[in-house]
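Peer 1: Whatever this is, show me its structure:
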Amino acid sequence: MKKTALLQPLLAAVALGAVFLSLPARAEDREWVPYKKLVESLYLDKFYAVEPKQRDHLRLLVRLEPVNKAIVSSDIVLTVAHAGGKDKLGNVVDGILEFAPNPAWIKEDAMIYTSLPKGEKVRVDALFAARTPENLQTSYADLMTSVPQWNAVIKEKAGMLRFMLPKFNGVAIHFAKPAGQTVQVLAKEGAKTYTADAKGDLKIKLDDALMQGNPQVVLSERPRMVEVDEL
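Peer 2: Numbers count the residues shown, from 1 in each chain. Below is the predicted model of the structure:
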């Protein structure tokens, strides 16, 4: 799947890849980027402006990946300095950050501070993610609805730029550790089993007939993350 880059418009930059940013010192967390600029550059404000029912299967995530492999991404701390004090900007879990924009911080032009050592660079991607199933048994429609929802959101928010963007037609399911995990689609015509590869990932292409029939889906393990994909 193609991903967006920090400080590039989310819906315009899917095909442009990620950028590398040099972040300031750890000793005393220092300025990184204005909160408003981060939110608007990743189109987080536009995403969260979409009616909740139109994005109830979607997640817009930010992935932080230090260039220096000795740095653990989960150790990265981002802090927002605003009129009311300082607050941590969510938790970075396995390099993934998720947060909804705070209108007050945007209005006052709050500043984001970072904890990474001086001179270190980090790759920052925005991810078109889906809601992760809570249970090991779900429906096909519940698993795959993120695909048409993301396509609809992009069509609505990207304007003319939507012609530059991929049209998603499946999902990529990522497990925490590779262990031959499976996803079974129990269709009337017969069950189909998808097995995770050596990286703990598997992909499922959207099937319109299955969306209509909406069979049960059984997962051997709860995924770490689900993304929409162009298969």
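
Peer 1: Residue 140 - how many residues pack around it?
Peer 2: Counted by other Cβ atoms under 10 Å, the residues lying close to residue 140 total 21. Bear in mind the C-beta positions are built from the backbone N, C-alpha and C, glycine included.

Peer 1: before we move on, what about residue 95?
Peer 2: Residue crowding around residue 95 was assessed by other Cβ under 10 Å; the count is 18.

Peer 1: dump the residue contacts of it.
Peer 2: By Cβ atoms under 8 Å, 6 or more residues apart in numbering, the residues touching residue 95 are 63-65, 73-74, 76.

Peer 1: Name the nearest residue to it, ignoring sequence neighbours.
Peer 2: With Cβ to Cβ, 6 or more residues apart in numbering as the criterion, residue 95 has its nearest non-adjacent residue at 3.4 Å, and that residue is residue 73.

Peer 1: how much space between the one you found and residue 120?
Peer 2: The spacing between residue 73 and residue 120, counted by Cβ to Cβ, to the nearest Å, is 12 Å.

Peer 1: where do the contact lists of these two overlap?
Peer 2: Between them, residue 73 and residue 120 share these contacting residues under Cβ under 8 Å, 6+ apart: residue 66.

Peer 1: which residues does the residue sitting furthest away from the middle of the chain contact?
Peer 2: Taking Cα atoms, centre = their mean, the residue of the chain most remote from its mean C-alpha position is residue 189, at 33.4 Å. With Cβ under 8 Å, 6+ apart as the criterion, no residue contacts residue 189.
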